[in-house]
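[1] no FASTA, just this:
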């Protein structure tokens, strides 16, 4: 209970700062034109709607476990990684042709609905992502930490992003190819592990002046937590409650998202079922009945239990790494967070 | 003549370094998959094909006029701004639905032609732009200048990019609206002035440890040079030689690009001609004959002379600003560059 309260407390603090930084750009936009202002307002609505703020919280906690005292400054800096998250989601939704996000419309869909056409929506969303990325860098650049630590944190950010983009390329080229478990894990490590767990924890640790030893522990924790996180996300994307995931039922199936869940299912079904799945996965016009049928097949094979079990094992390895941290009393939150990430809504 | 030789010499040095940095990412891509490698190879081909490298040269020269000695390090750092240029062109070409760039295909078109569909091309190009942007920041972050100067240069970069994105939003919302000269100038200042002339000169000046006074002179020079540059670009886009501009004849007309040239023409034509222009500008299916007719109308009104004259005046104001620089012998190149930018191929 105390953990969840702390989580909520951080979320509130982060949301306040997030609004603050985005509203500075609203002021800049107002000087240009009312339509410019309207676009930034949409970006603010999108960025503040939903989201658990896991990434900035990881950054703040990385800072704390490496000896930093949580104050205004680290919360300011943590906004950078939340802006990166918004940036990547916005561009990803264009790439995945995804009209829904966090229980509402994706940004390109929000702006498409201004009635100036789909291309106008997509163009604006491309620019919006680019803008949030620059803003994220700017926040670290202008933060009050020492020059040396800021540059080290910026290096981690840019390196992680490059990794993530290599992973995104891998994701688009893998599409429709028969992939193997190993390839999927590589993609998860590159695309999710990089900026979802590693970058925030390490940037926080760096800004606190953490030692190489401490940072390497955080890296191991981040590595396994990232895998667990992605696997749980994939389960939720297929069998999760849409009011919780913010995504319509079956959207991951219709999009043909490549997950361990689907891979496992394919291996376990008979030939007739496989044929049905091959036509169903990635078919955007799938009927509700067909979505139900796919979900039943996935459940029947035990894929959910298999992936859940995998996620649990990664989570345990993540927690195991933390045991090497010197100040165990400061690490409690990260233990809880690992449990929370794997057990949320499952 | 000596000026053009120097220009070419810099271009060669920059191209070598540009290839070096991009090939580091090729190595990273090779570790992932052959398709990843192929995408990065396309990015390299696109980035190295054509381009005058004006932006990195401005950065190197900003460094030199503020007292820096041109060496390996500033040339390395100058690659950042060329990568930013590639990034912005790649995303812009998606937004403008532009299939041609620098005498070849735009990046999204290059990848679309892999026969995996248009959306695959666009998705890859979105990610490619994002990647080049992060790489640009990384190069400054990891350069060998002092921490303090690097952070100041990074601040200039992120601030200019934000300005540029506000300008890009302004560009998309202005579309199809009747705009006035003042609005167009605002757009040019935000979208072009920011990263084409101001960011490189100021970043170079900062890395040399230039004084606020020196930086403010460079800023004024950059401001007027940016306007002159954009106006000449617009003239070339409409009446220029396609083998020089790298764009097919009439592409700016078909795209409906908002320029002073068009604005002036609209004001000078009669009602019947205006009606024709209204249907022609922004019409992607315009015939070659109609393109010729539009160009004739533009010429007839004297719009080309008007805009050329404006560009010349801005160029003179840019040069005027330079007179305040202490070491006049170091500024020669920037005087020539202003002339070159306005007089190229006109």
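    Right, received. Where do you want to start? From a predicted model like this one, the values you see are computed outputs, not experimental measurements.
[2] how about the helices in the stretch 51-200 of chain A?
    In the stretch 51-200 of chain A, the helices defined using DSSP state H, counting those that start in this stretch lie at A:54-65, A:72-95, A:107-112, A:118-141, A:147-174, A:181-188, A:199-207.
[3] please identify the most buried of these.
    Burial of those is given as mean neighbour count (mean count of other C-beta atoms under 10 Å in any protein chain shown); helix A:199-207 ranks first at a mean of 29. In this view, the C-beta of every residue, glycine as well, is placed from N, C-alpha and C.
[4] show the average pLDDT along that helix.
    Taken as a whole, helix A:199-207 carries a mean pLDDT of 98.
[5] repeat that for stretch A:325-344.
    Stretch A:325-344 shows a mean pLDDT of 92 in the predicted model.
[6] pass me the low-pLDDT residue ranges in chain A, would you?
    A:1, A:175-178, A:345-346 (pLDDT under 70).
[7] report the central residue of it.
    Centroid check for chain A by C-alpha atoms, centre = their mean gives residue A:196 as the closest residue, at 5.3 Å.
[8] hang on, it packs against residue A:228?
    No - between residue A:196 and residue A:228 no contact is recorded; they are 10.9 Å apart, counting by C-beta atoms under 8 Å.
[9] so what's residue A:191 closest to, chain neighbours aside?
    Closest residue in space to residue A:191, ignoring its immediate chain neighbours: residue A:167 at 3.2 Å, by C-beta to C-beta, 6 or more residues apart in numbering or on different chains.
[10] got a list of what that neighbour touches?
    Residues in contact with residue A:167 (C-beta atoms under 8 Å, 6 or more residues apart in numbering or on different chains) are A:187, A:189-192, A:194.
[11] ok, now residue A:92?
    By C-beta under 8 Å, 6+ apart, residue A:92 lies in contact with A:98, A:168.
[12] same deal with the one 3 residues further on?
    Contact criterion C-beta under 8 Å, 6+ apart gives A:168, A:172, B:123, B:126-127 as the residues in contact with residue A:95.
[13] of those residues, closest to residue B:221?
    Comparing the contacts of residue A:95 against residue B:221 with C-beta to C-beta places residue B:126 closest, at 34.1 Å.
[14] how near is that closest one to chain A?
    To chain A, residue B:126 is 6 Å away according to C-beta to the nearest C-beta, to the nearest Å.
[15] so that residue sits against residue B:87, correct?
    No - if you go by C-beta under 8 Å, residue B:126 and residue B:87 don't touch, sitting 10.6 Å apart.
[16] ok so, going back, and for the residue nearest to the residue nearest to the centre of chain A when sequence neighbours are not counted, the neighbour number?
    Using C-beta to C-beta, 6+ apart and skipping the chain neighbours, the partner closest in space to residue A:196 is residue A:226 (5.7 Å). Residues lying near residue A:226 (other C-beta atoms under 10 Å in any protein chain shown) number 24.
[17] tell me, how many residues neighbour the closest residue to residue A:255 other than its chain neighbours?
    Leaving out its chain neighbours, the residue that sits closest to residue A:255 by C-beta to C-beta, 6+ apart is residue A:96, at 5.6 Å. By other C-beta under 10 Å, 19 other residues sit near residue A:96.
[18] which parts of the stretch 101-250 of chain A sit against chain B?
    A:119-120, A:123-124, A:126-127, A:129-131, A:133-135, A:137-138, A:141-142, A:147-148, A:150-151, A:154-155, A:158-159, A:161-162, A:165-166, A:168-170, A:172-175, A:186, A:190 (C-beta under 8 Å from any C-beta of the partner chain).
[19] repeat that with 7 Å
    By C-beta under 7 Å from any C-beta of the partner chain, the residues of the stretch 101-250 of chain A that approach chain B are A:120, A:123-124, A:126-127, A:130-131, A:133-135, A:137-138, A:141-142, A:147-148, A:150-151, A:154-155, A:158-159, A:161-162, A:165-166, A:168-170, A:172-173, A:186.
[20] thought residue A:124 was touching residue A:39?
    Yes - checked against C-beta atoms under 7 Å, the pair residue A:124 and residue A:39 is within contact range at 5.8 Å.
[21] pull up the overlap in contacts between these two.
    A:111, B:169 (C-beta atoms under 7 Å, 6 or more residues apart in numbering or on different chains).
[22] roughly how far does residue A:89 sit from residue A:83?
    For residue A:89, the distance to residue A:83 (C-beta to C-beta, to the nearest Å) stands at 11 Å.
[23] cool, residue A:43 as well?
    For residue A:43, the distance to residue A:83 - C-beta to C-beta - is 10 Å.
[24] do residue A:160 as well
    Remark: distance between residue A:160 and residue A:83 (C-beta to C-beta) = 14 Å.
[25] and if you look at residue A:235?
    Distance of residue A:235 to residue A:83, given as C-beta to C-beta: 28 Å.
[26] if we can go back for a sec, my read is that the residue nearest to the centre of chain A contacts residue A:229, right?
    Yes - between residue A:196 and residue A:229 there is a contact under C-beta under 7 Å: 6.3 Å.
[27] so how many other residues sit close to residue A:5?
    The local packing of residue A:5 (other C-beta under 10 Å) involves 9 other residues.
[28] also residue A:235?
    Residue A:235 has 24 neighbours, counted by other C-beta under 10 Å.
[29] helix or strand for it, which one?
    Element membership of residue A:235, judged by DSSP states H and E, is helix A:212-239.
[30] can you name every helix or strand that the next helix or strand after that helix contacts?
    Helices and strands here follow DSSP H and E; after helix A:212-239, the next one along the chain is helix A:242-245. Contact partners of helix A:242-245 among helices and strands, from 3 or more C-beta pairs under 7 Å, 6 or more residues apart in numbering or on different chains; DSSP states H and E: none.
[31] which is the succeeding secondary structure element to helix A:242-245?
    Using DSSP H and E, the helix or strand that follows helix A:242-245 in sequence is helix A:251-255.
[32] helix or strand right after that following helix?
    Once helix A:251-255 ends, the next helix or strand along the chain (criterion: DSSP H and E) is helix A:260-268.
[33] chain center to the very next helix or strand once past that next one, what's the gap?
    Using DSSP H and E, the helix or strand that follows helix A:260-268 in sequence is helix A:271-280. Here helix A:271-280 shows a centroid-to-chain-centroid distance of 30 Å under the convention C-alpha atoms, centre = their mean, to the nearest Å.
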